[in-house]
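A.B. asks: Take this sequence and fold it.
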Amino acid sequence: MPDLLHEYWENADGDGEFGPVREHNDQRRDRIAPGAKLVFSLMAPSWHHAMRLYHERLGYGEYLPTEGVLDHVYTAAEAAEQNAYLQVRERR
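C.D. replies: Sure, this is the predicted structure:
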């Protein structure tokens, strides 16, 4: 089970955005929150694990997934897609 890179970005108003690094996330953030700054990054093998780390980092207390919502465990294909994007993203 591979880890994916996740990032937390914050704009000047203090609004934040957190999620795995993906091209469409970067494009959307550039449109809706121009000038947002990267606050921190973390690696996680699943969405629930990433959210636990995110909650710890921001002092939000224990992360409790919504009842009935299954965890999304990242696949090798998702990791390969992210790695390919990161190679291009680094050159932007």
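A.B. asks: longest helix of the chain?
C.D. replies: When the chain is parsed with DSSP state H, its longest helix is helix 76-89.
A.B. asks: which residues are contacting that one?
C.D. replies: The contact list for helix 76-89, computed with CB atoms under 8 Å, 6 or more residues apart in numbering, reads 2-5, 20-23, 26. C-beta coordinates here come from the backbone N, C-alpha and C atoms, glycine included.
A.B. asks: Can you flag the buried ones in these?
C.D. replies: 4-5, 20-22 (16 or more other CB atoms under 10 Å).
A.B. asks: Including distance to residue 46 and pLDDT, could the contacts of helix 76-89 go into JSON lines?
C.D. replies: JSON lines is the format used below for the contacts of helix 76-89 (distance: CB to CB, whole Å; pLDDT from 0 to 100):
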{"residue": "2", "distance to residue 46": "10", "pLDDT": "96"}
{"residue": "3", "distance to residue 46": "9", "pLDDT": "98"}
{"residue": "4", "distance to residue 46": "9", "pLDDT": "98"}
{"residue": "5", "distance to residue 46": "13", "pLDDT": "98"}
{"residue": "20", "distance to residue 46": "10", "pLDDT": "98"}
{"residue": "21", "distance to residue 46": "15", "pLDDT": "97"}
{"residue": "22", "distance to residue 46": "15", "pLDDT": "96"}
{"residue": "23", "distance to residue 46": "21", "pLDDT": "95"}
{"residue": "26", "distance to residue 46": "21", "pLDDT": "93"}
